[in-house]
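Peer 1: could you work out the structure for the sequence below:
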Amino acid sequence: MAGHSKWSNIKRKKEKTDAQRGKEFTKIGREIAVVVKQGGPDPEVNSKLKDVIAKAKASNMPNDTIMRSIKKAAGSLDSADYEEITYEGYGPGGVAVIVEAMTDNRNRTAADVRHYFDKFGGNLGTNGCVAFMFERKGIILIEKKENMIEDELMMQALEAGAEDFSTQDEYYEIIMEPDDFSKVREHLEEQGYEFISAEVEMLPQSTTVLTDDEHIENMNKLVENLEDLDDVQNIFHNWEEE
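Peer 2: Got it, this is the predicted structure:
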């Protein structure tokens, strides 16, 4: 994805209201609950939990809230079983869209996701219809700061196992294979770097540019409404915003 497109997504996250941020924390809390149930509450043993904690910190989730979520999940008798489901489809103008959800009611979630695809000029497809256009990669973004030495950061990232390092106007982007994500992230954390975001994402291999104003408006509304769904964890697309 082009750098300016990525930065527009970051700015949208930074500009979230308190209510929107609270909803994001709730979603991360659900993700914490799932990985704790899968691998236990100790991040030193449960690497998935360690990765979700890094994601939570990058989203400015307070440490005490993170610890409360872990303790709650470890001692929870909640019988709700969340399953991870991925939806694929096309947005307006043929933009490829992947929606990752975590739900205890797949019928409700599928109906909600399909509703917004239909409402904003897209269509929900079958599994695999757009996944081939993306690669799963670990992606770490670090905001540029005056005292930061680019060559030193690049060396640290590549030596830790990153496969690509790029410089954008406002941030550095570090890309790695998913299996190397935890190792690279932990190494950079130990060096004192703070992240804008740090997670495994679906990276588009090519992008689609929208020129029709209605398509652009509907694509924005599709993403915003999907993000607002409680069950939706992540949205990936190949739209290159200009």
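Peer 1: quick one: contacts for residue 63?
Peer 2: residue 57 (CB atoms under 8 Å, 6 or more residues apart in numbering). Yep, even glycine has a C-beta here, placed from its N, CA and C like the rest.
Peer 1: offset the numbering so it begins at 28, please.
Peer 2: Let's use 28 as the start, then, which means that last one is residue 90.
Peer 1: please read off the pLDDT at it from the model.
Peer 2: Listed pLDDT for residue 90 reads 92.
Peer 1: any idea how far residue 116 is from it?
Peer 2: 37 Å (CB to CB, to the nearest Å).
Peer 1: try residue 147
Peer 2: 11 Å.
Peer 1: ok, residue 260 next?
Peer 2: Note on residue 260: its distance to residue 116, by CB to CB, is 16 Å.
Peer 1: and the longest helix anywhere in the chain, what does it pack onto?
Peer 2: As assigned by DSSP state H, the longest helix anywhere in the chain is helix 45-66. Under the contact criterion of 3 or more CB pairs under 8 Å, 6 or more residues apart in numbering; DSSP states H and E, helix 45-66 touches helix 74-85, helix 90-102, strand 123-130, strand 259-264.
Peer 1: 10 Å instead, please
Peer 2: Counting contacts by 3 or more CB pairs under 10 Å, 6 or more residues apart in numbering; DSSP states H and E, helix 45-66 is packed against helix 30-41, helix 74-85, helix 90-102, strand 110-117, strand 123-130, helix 240-254, strand 259-264.
Peer 1: what's the mean pLDDT across the last one?
Peer 2: Mean per-residue pLDDT for strand 259-264: 94.
Peer 1: for the chain, which spans come out with low pLDDT?
Peer 2: Applying pLDDT under 70 to the chain picks out residues 28-46, 103-107, 269.
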